[in-house]
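Novice: sequence and computational prediction follow.
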Amino acid sequence: MPAVQETVERVKRIDVDQYRYGFETLIESDKAPKGLSEETVKFISQKKNEPDWMLQWRLEAYRRWLTMQEPTWARVDYPKIDFQDLYYYAAPKPKKTVSSLDEIDPEILKTYEKLGIPLREVAMLEGVEPKPGEEDPARRKIAVDAVFDSVSVATTFKAELKKAGVIFMPISEAIREHPELVQKYLGSVVPTSDNFYATLNSAVFSDGSFVYVPPGVRCPMELSTYFRINERNTGQFERTLIIADKGSYVSYLEGCTAPQRDENQLHAAVVELVALDDAEIKYSTVQNWYPGNSEGKGGIYNFVTKRGDCRGANSKISWTQVETGSAITWKYPSCILRGDNSRGEFYSIAISNGYQQVDSGTKMIHLGKNTSSRIISKGIAAGKSQNTYRGLVTAHRKATGARNFTACDSLLIGDKCGAHTVPYIEAKNSSATFEHEATTSKISEDVLFYCIQRGLSQEEAVGLVVNGFVKDVLQQLPMEFAVEAQKLISISLEGSVG
Amino acid sequence: MALLEVKDLKVRVEEREILHGLTLTVNEGEVHAIMGPNGSGKSTLSHVIAGKPGYEVTDGEILFRGEDLLEMSPDERAAKGVFLAFQYPVEIPGVTTMNFLRTALNAQRKARGESELMVPDFLKKVREVSKSLNIPQDMLKRGVNVGFSGGEKKRNEVLQMALFEPSLCILDEMDSGLDIDALRIAADGVNALRSPGRAMVVITHYQRLLNYIVPDVVHVMSRGRVVKSGGKELALELEASGYAQFEDAA
């Protein structure tokens, strides 16, 4: 059987067992009553002990949401979501008030252990063998905020970060402890009225991470948040806000997984980044939500609004994403290049297999002078999946000297999948320079046979070719994540090659 | 026991029979040349031995050290020591040659139940071999065959042959696309790999290559069969008189 044909055959047999994070943690939880109403919003706000301004902000968003329509322009197809049939808040029931890690429910600790996320303050990935000449990753520290359903269960290295002046805490805590910062920046990049899902998130968001890096500080370690959906019929609505003050730098990573279930679950997050003068934010995502089973049953609806505002001159925001999970992905991490000479980057690897649908891309909005942006997107479609890149690059009238370079490459495995590229380019001044390159190719039978003749199994051959295809983007990830992502890419395609 | 025994092999591609009962025996240490005009089935034979998808074997067998080769997947065959040097080596963007060599070598070793080669040993070996083949180090850092000249691609094939130490090397039209200097370098590399424990099957159109890689046995193929076998002088005879005389024999 020709190799590609065989690949296609194997795709058909894709098994849910390949999703390694599909287990469920049995633990009692505290839930909001089912459905969405002002009462639900009040319930969440009360659970979080929020000040009144926060409640009012949520209620305003909720009222606005009632008037909005679900967007339908994306190239994804799913049955209508009944928003009254969801739980909007679920938190593990604490045995008592938790003041240290030892008091966290051991079931939750075990969950993170199983997922390979260190909640004790040890260096990450100690088992990884460093390549010759490379820095030993075990010596690098990573601070972790772990969000379980609707609440943050642990944040590590808080004390050490505090010494550097960096605030890294659950956003629910930040609302209470740093209201001045939250009030100033929350909703300043993604307004409550932005879009259907962002508005919904504004009304019911439960937790997420908050980061503030003071002027001139280079954050001494990588920060990361690990999101886990556990509860049934529950949406996860996290909210992340990162502010890099003048001349500061921070690198932030997020990872996500969920149990395998037959029903679809909604994840509607909002992430806002603000970079002031000369500041830089590097935001990396490895998204591995449960993608659904071989018949396309179950899986996460990942409807996410991520946006960065290069508010200051010479600021820089860089998004890197590796998207392998979710039944449906609707996600466009974007940059508003407001400050003069600011720079936005978007590096993306989006892999779809089985019945997954991906509609993802970015928006680069050039407002300031001499702003520049770069988009490198690698889409890989296998099985019966649909993979769309959707991007907008726009230069406003005053954005003289704006520059963009875009390269969108798609790789198809088999003949039942689709890759689509939908670029929008608008230049409102004549000095803008926009370049767009796009390619679509099929994984070649000859290339696979060459690798297999040299001793690689078919699966290894596809993994190698795909990893070569996405190399430019993998290089953008922090090293610890690159190793993980490389493995994840091979795992995600396991279904496509048996 | 012969290293390779092809017995009465019949092969089809999309309903059309290409090999009509081909028989060939190759012993360890021997170098066989297979010559023949376009469309005689030379490349089909090499592909079927290596296990390329798309060919249907309708009759006959291929034994490798007495084992049924047709029962093995192509990667199993590679691990057992079957190496095919491609006529047109493919490009693999984003995968450095060095990474490719290491991944492939370790995959073969793993399949044989051997431990992975230590990095320093591997690097030492690669350096030695690439030096003898006139392969610059920076070529090893580039994507597999990406932007390589014809000569570089063929030398890269010989490099892999030297690293993987196969017991059967099939060279498919190694001379195609090479100028005389490039041919000489590649052929020298191949000659250095001749050994009592290794056999080679050199598939070629022209006698020219056989001036550099001198065979022990020459076979003439025509219309899907071996129609004549002899010593190295048979190649010279062909060069003088052409393939036409064999067209009738088939």
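Specialist: On my side now, so go ahead.

Novice: so the most centrally placed residue in chain B, which state does it fall into?
Specialist: Nearest residue to the geometric centre of chain B (Cα atoms, centre = their mean): residue B:170, 1.9 Å. Three-state assignment for residue B:170 (DSSP: H, G, I helix; E, B strand; the rest coil): strand.

Novice: what sits against residue A:211?
Specialist: For residue A:211, the contacting residues are A:166-168, A:223, A:240-243, A:250, A:252, by Cβ atoms under 8 Å, 6 or more residues apart in numbering or on different chains. Placement of C-beta: from N, CA and C, glycine included.

Novice: now do the same for the closest residue to it other than its chain neighbours: its pLDDT.
Specialist: Spatial nearest neighbour of residue A:211, chain neighbours left out: residue A:242 (4.3 Å); criterion: Cβ to Cβ, 6 or more residues apart in numbering or on different chains. For residue A:242, the pLDDT comes out at 97.

Novice: test my guess that residue A:242 contacts residue A:270.
Specialist: No - at 11.9 Å, residue A:242 does not count as touching residue A:270 under the criterion of Cβ atoms under 8 Å.

Novice: quick one, which of these two is more surrounded?
Specialist: Neighbour count, other Cβ atoms under 10 Å in any protein chain shown: between residue A:242 and residue A:270, residue A:270 has more, with 28 against 24.

Novice: spell out the residue ranges of the helices in the chain.
Specialist: Let's take chain A. Shown for chain A, the helices assigned by DSSP state H span residues A:3-12, A:38-47, A:52-66, A:106-115, A:158-163, A:171-177, A:179-185, A:196-204, A:445-453, A:458-469, A:471-474, A:479-492, A:494-497.

Novice: please go with chain B instead
Specialist: For chain B, the helices defined by DSSP H cover B:42-50, B:74-80, B:97-111, B:119-132, B:137-140, B:150-164, B:180-192, B:208-212, B:233-241, B:244-249.

Novice: any idea which of those has the lowest pLDDT on average?
Specialist: helix B:244-249 (a mean of 68).

Novice: neighbours of the residue in chain A positioned nearest to chain B, how many?
Specialist: The minimum distance from chain A to chain B, using Cβ to the nearest Cβ, falls at residue A:468 (3.1 Å). For residue A:468, the neighbour count with other Cβ under 10 Å is 22.

Novice: swap in residue A:266?
Specialist: Neighbour count for residue A:266, taken as other Cβ under 10 Å: 21.

Novice: so how far is residue A:85 from the residue lying closest to it once chain neighbours are set aside?
Specialist: In space, and not counting its chain neighbours, residue A:266 is closest to residue A:235: 4.1 Å by Cβ to Cβ, 6+ apart. According to Cβ to Cβ, to the nearest Å, residue A:235 stands 10 Å off from residue A:85.

Novice: ok, now residue A:360?
Specialist: 26 Å.

Novice: these two: which has the busier surroundings?
Specialist: Ranked by neighbour count (other Cβ under 10 Å), residue A:360 and residue A:85 place residue A:360 first, with 27 against 11.

Novice: report the contact partners of that one.
Specialist: Residue A:360 touches A:321, A:323, A:329-332, A:348, A:350, A:388-390, counting by Cβ under 8 Å, 6+ apart.

Novice: and these, which are buried?
Specialist: Among the contacts of residue A:360, those scoring as buried are A:321, A:323, A:329-332, A:348, A:350, A:388-390 (criterion: 16 or more other Cβ atoms under 10 Å in any protein chain shown).

Novice: dump the residue contacts of residue A:470.
Specialist: A:349, A:378, A:380, A:489, B:94 are the contacts of residue A:470 under Cβ under 8 Å, 6+ apart.

Novice: ugh, wrong one, residue A:306
Specialist: Residue A:306 touches A:269-271, A:283, A:319, A:331-334, counting by Cβ under 8 Å, 6+ apart.

Novice: pLDDT wise, what is it at?
Specialist: Residue A:306 is given a pLDDT of 96.

Novice: dump the C-alpha coordinates for stretch B:84-97 into CSV.
Specialist: The C-alpha trace of stretch B:84-97 is given here as CSV (Å, rounded to 0.1, in the frame of the first residue of the first chain):
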residue,chain,number,x,y,z
LEU,B,84,19.3,1.6,-1.6
ALA,B,85,21.3,4.6,-2.9
PHE,B,86,18.6,6.6,-4.7
GLN,B,87,18.8,7.8,-8.3
TYR,B,88,17.2,11.1,-7.1
PRO,B,89,17.8,11.6,-3.4
VAL,B,90,15.0,13.7,-1.9
GLU,B,91,15.2,17.0,-0.1
ILE,B,92,13.9,17.2,3.5
PRO,B,93,13.8,20.9,4.5
GLY,B,94,14.3,21.8,8.1
VAL,B,95,15.9,18.5,9.0
THR,B,96,19.7,18.9,9.2
THR,B,97,21.8,16.2,7.5
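
Novice: which parts of that stretch are buried?
Specialist: B:84-87, B:89-97.

Novice: returning to what we had before: lowest mean pLDDT across the helices of chain A, which one is that?
Specialist: Note on the helices of chain A: lowest mean pLDDT is at helix A:3-12, with a mean of 43.

Novice: what's the neighbour count on residue B:76?
Specialist: Applying other Cβ under 10 Å, we find 17 residues neighbouring residue B:76.

Novice: now swap in residue A:72 and tell me
Specialist: 7.

Novice: give me the pLDDT for it.
Specialist: Confidence at residue A:72, expressed as pLDDT, is 87.

Novice: kindly report the same for residue A:125.
Specialist: On pLDDT, residue A:125 comes in at 31.

Novice: and residue A:437, what is it in contact with?
Specialist: For residue A:437, the contacting residues are A:406-408, taking Cβ under 8 Å, 6+ apart as the criterion.

Novice: cool, residue B:157 as well?
Specialist: Counted by Cβ under 8 Å, 6+ apart, residue B:157 has contacts B:85-86, B:89, B:174.

Novice: filter those residues down to just the ones in strands.
Specialist: residue B:85 (DSSP state E).

Novice: in the contacts of residue B:157, find the pair that's most separated.
Specialist: B:89 and B:174 (10.6 Å; Cβ to Cβ).

Novice: joint contacts of those two?
Specialist: With Cβ under 8 Å, 6+ apart as the test, residue B:89 and residue B:174 both reach B:154, B:157.
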